[in-house]
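1. Fold the following for me, if possible:
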Amino acid sequence: MSRYRPAAPAKSAYITRGGWDALHSEQEALWKKRREVVGHLAAAAAEGDRSENAEYIYRKKQLRELDRRIRYLQKRLPELKIVDRQPDGTEQVFFGAWITLETASGNETVYRIVGADEFDPKRNWISVDSPMARALLKRRVEDEVSVETPGGRVDMIILAIDYNSPANP
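-> Just a heads-up that it's a prediction; the model follows:
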């Protein structure tokens, strides 16, 4: 049996200004952290036998993880397109919008559509590539939206669309 897996679908290249700034800051912090780890690794390597040196093994693993993330950010940041202005038609849902939705049971939730590199479920930021965001794009206030979720189909109504951060996101 082969271990071949088809390539994952490409992530969209859109990101908000705040998301790009966060990724750029992360990259700079990782370079600083890498310098520290290399120093610790050199000290651990100088201790002698590397095969039984736990500090050396740990620092090599840590360095690999840092290098992997740095390499990803170096490839990803140049291809991202920063979207930092409102669309011409603010009455429709587009990238960067805050959308207030009401479910059939009367629960209200505010979501924000952001780039694939900055989604955050705790803050209700959803990726533009997600099924929920795809169902919401180009919709207007009072449109009904139906989304297939792992828990089953959910029907919602769009109550509000805003391109500035609401008071309680």
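2. Any idea which helix or strand in this structure has the lowest mean pLDDT?
-> Of all regular secondary-structure elements in the chain, judged by mean pLDDT, DSSP states H and E, the least confident is strand 144-149 with a mean of 90.
3. Any regions of the chain where pLDDT drops low?
-> 1, 167-169 (pLDDT under 70).
4. before we move on, back to that, and the least confident helix or strand of the chain, which residues are buried?
-> Val145, Val147 (16 or more other C-beta atoms under 10 Å). The way it works is simple: take the backbone N, C-alpha and C, and place the C-beta from them, glycine included.
5. which one's the longest strand in the protein?
-> Secondary structure of the chain read by DSSP state E shows that its longest strand is strand 152-162.
6. Tell me, how many residues neighbour Arg71?
-> 10 (other C-beta atoms under 10 Å).
7. One more: the one 10 residues further on?
-> In terms of burial, Lys81 registers 11 neighbours under the definition other C-beta under 10 Å.
8. Is it in contact with Tyr14, as I believe?
-> Yes: if you go by C-beta atoms under 8 Å, Lys81 and Tyr14 touch, sitting 5.6 Å apart.
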